[in-house]
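In: Let's see this in three dimensions:
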Amino acid sequence: MGVYYEYYRAADRVAATVRPEQSREIADASPGRPEWDVVVTKWIDPEVVLGQLVAFAGQVDHSLGLVGTVNLYPPPEDVPRSADEWAALPEDSPYLEGPRIVELSAEARDTLAGVDDARLPTLAKQWAAIEEFSSFTDENDGYMLSLTKDLVGLARRARENGQLLYCWMCW
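Out: You can find the predicted model right below:
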């Protein structure tokens, strides 16, 4: 099945964590449910895979921590601190099963938002060549370009609106 990563923008941490148990992708808008500007991905985690896109965009070496994520949900202050506390968690605890929400740094947002449109095809090709995408074929070039454009566009909209990027992930 895999792990799903949904990148979205929000005004602040409170807005980003509304109904944390629900996907950010809206199949049908219901009253009272927030509508998200979201890019849905599979296997594109914030630190490693998206981090490499940010590194290519910023023309820097990739390192863990480059994206600067902050865990928001489940609440980091409530994380179990001992083996006994972990063992006592219910089976459906978000600490065990997810989902998780992380905030991406303003620097990561701005790096993606600042990519010139003319660089997008080259950036997508660089990103497609990473080890994590080794099972992709050349036929996926169009998908990678589309995904790169979507993520850069989301970052631009977030920056234009004074928002940050967030990632909702579920496995």
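In: The residue of the chain most remote from its centre and residue 164: what is the separation?
Out: For the chain, the residue at maximal distance from the C-alpha centroid (Cα atoms, centre = their mean) is residue 84, at 31.3 Å. Here residue 84 is placed at a distance of 36 Å from residue 164 (Cβ to Cβ, to the nearest Å). From N, CA and C alone the C-beta is placed, and that goes for glycine too.
In: Next, the residue farthest from the centre of the chain: secondary structure please.
Out: Using DSSP: H, G, I helix; E, B strand; the rest coil, the structure places residue 84 in helix.
In: in the helix or strand of the chain with the lowest mean pLDDT, what counts as buried?
Out: The helix or strand of the chain with the poorest confidence is helix 94-97; it has a mean of 86 (mean pLDDT, DSSP states H and E). Buried residues in helix 94-97, defined by neighbour count with 16 or more other Cβ atoms under 10 Å: residue 94.
In: CA-only coordinates of the first helix or strand past it going along the chain in PDB, if you can.
Out: Heading C-terminal from helix 94-97, the first helix or strand you meet, by DSSP states H and E, is strand 100-103. Once non-C-alpha atoms are left out, strand 100-103 reads as follows in PDB (Å, rounded to 0.1, in the frame of the first residue of the first chain):
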ATOM      1  CA  ARG A 100       1.400  12.600  11.500                       C
ATOM      2  CA  ILE A 101       1.600  16.300  10.600                       C
ATOM      3  CA  VAL A 102       4.800  18.200  10.200                       C
ATOM      4  CA  GLU A 103       5.500  21.800   9.400                       C
END
